[in-house]
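J.: Need a 3D model of the following:
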Amino acid sequence: MSFPKVLERGDDFLKEFPRSSILWQYASHATCMFMILGSKVILNTIYTPKVEGLEKLDAALLRSKNENRSLITVMNHMSVVDDPSMWGMLPLKYYWGIDNIRWCLGAQNLCFKNKVLTYFFSLGKVLPTERFGRGPFQGSIDATIRLLSPDDTLDLEYVPSAVLSQAQKEQQDLDASLVKSSLLKQVSKLYSDDYKLPVIRTKPSWVHVFPEGFVCQLQQPHSNSMRYFKWGISRLVLEATRPPIVLPIFATGFEKIAPESAAEDIIQRYLPANYGAEIKLTIGDPVDDDIIFKYRKEWEALCEKYYDPENPYDLSQRLKTGKEAKELRSRLAAEIRQNVLNIRDNHLGFRKEDSRLQSPSFWKEYTATEGASAPDIKFIGKNWAIRRLQSDIKEYDEDGNEISKKQ
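T.: Below is the predicted model of the structure:
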């Protein structure tokens, strides 16, 4: 359920690097394998890694290929080493081809703050996201939607029925499918004769996301709890051209590899800690397809209701910031979070999560007051969602537009 212009912007974002080049593919595969093998050596030498439910990931990847649907794996964010460490825990069979390796999102002000890091993380199949006000309507999210859309489904993209009806009246001899195809070719570079794919791939993509957006390490009795999930995950599920398979994962123990209490000590930050600690991935059951289809049907209804007649090939302002669209994204993000939380509560036996932590409004107030609104909830180290603690970030207004800084 994506608009053509969203996919076009996603294409443009992906084309900032020569990802369709064979040479880039080789370099990307080498970069990923270097990090994966390094993580595997460290984890198996110093720690005790365990994976539960690996057969569920195998089944999801097989379904992804057979059903021509991309896969989204969704996980809590325990530490700065969640990625790539978690990939060192999986069997090497997942990585023999570059197409098999996941895509993911990373903070621009940390992972892409200079040219060397930008190339390194880009080769590692990471896309940069801007935090602190940029919101879910940014290039990397459009690009991820593009990656989640199999190339042979792009001609099925959404055009409001009112536009199709008008076109059919003007061209009585064409059926609806031909009218739709004709309209799309007029408005998007994706359908030009000289169009070139932004990424070489032979199967639907696998995208891994941390929807909390920041590491969350809380002190007892709230350890192994999560922040709320942001709207980016909702856009990915709602706007891919085919409904993705969504697989929840819950991680424990990564905070022992990189405790946030050592975040500001350069030596402690990069020295191994808590030797022998158990590091565990627990893979849950996929989110029920009926749930995914239900939310996408609601999104389709909103698209029909609030498309912009003057620009029907892109998201209207009501579809971005309207009350109904916001409410839909919030409900879907909460639904996906609950699927991850179910693993924590039902399989790992932790103390029940404080209900306050599920609320976006709680977290916004908690962060704005730097913890004063709920002094009983304390971070290990710092709450990195506080803007003043982050460097090299841009300022944005409520609509996601960059604010020029005064000299």
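
J.: Now for the nearest residue to residue 147 once chain neighbours are set aside: which residues touch it?
T.: Closest residue to residue 147 apart from its sequence neighbours, by CB to CB, 6 or more residues apart in numbering: residue 205 at 4.4 Å. In short, each C-beta sits where N, CA and C put it, glycine included. By CB atoms under 8 Å, 6 or more residues apart in numbering, the residues touching residue 205 are 70, 71, 103, 147, 148, 199.

J.: And the strands in the stretch 151-300 of the chain?
T.: For the stretch 151-300 of the chain, the strands defined by DSSP state E, counting those that start in this stretch cover 206-209, 245-252, 278-283.

J.: I figured residue 13 was touching residue 144, is that so?
T.: No. Counting by CB atoms under 8 Å, residue 13 does not reach residue 144; the two are 9.2 Å apart.

J.: ok, now which ones touch the nearest residue to residue 240 once chain neighbours are set aside?
T.: Using CB to CB, 6+ apart and skipping residues adjacent in sequence, the residue nearest residue 240 is residue 148, 3.8 Å away. By CB under 8 Å, 6+ apart, residue 148 lies in contact with 70, 72, 204, 205, 207, 236, 240, 241, 244.

J.: for residue 206, same thing?
T.: Residues near residue 206 by CB under 8 Å, 6+ apart: 61, 64, 70, 71, 73, 100, 101, 102, 103.

J.: Got phi/psi on the nearest residue to residue 153 once chain neighbours are set aside?
T.: Sequence neighbours aside, residue 241 is the residue nearest to residue 153 in space, at 4.2 Å (criterion: CB to CB, 6+ apart). Main-chain torsions, residue 241, degrees, to the nearest 10: phi -70, psi -30.

J.: Give me the distance between residue 241 and residue 1.
T.: 8 Å (CB to CB, to the nearest Å).

J.: Please apply the same query to residue 355.
T.: For residue 355, the distance to residue 1 - CB to CB - is 32 Å.

J.: likewise residue 57?
T.: Using CB to CB, one gets 26 Å for the distance from residue 57 to residue 1.

J.: Over to residue 380?
T.: Applying CB to CB to residue 380 and residue 1 gives a distance of 40 Å.

J.: of the two, who's got more company?
T.: Neighbour count, other CB atoms under 10 Å: between residue 380 and residue 1, residue 1 has more, with 21 against 17.

J.: Would you agree the more buried one is in contact with residue 300?
T.: Yes. Judged on CB under 8 Å, residue 1 makes contact with residue 300 at a distance of 5.7 Å.

J.: Any stretches of the stretch 251-400 of the chain with poor pLDDT?
T.: 266, 270, 397-400 (pLDDT under 70).

J.: Break down it into its helices, ranges please.
T.: Using DSSP state H, counting those that start in this stretch, the helices found in the stretch 251-400 of the chain span residues 254-257, 266-270, 289-306, 317-321, 323-347, 360-368.
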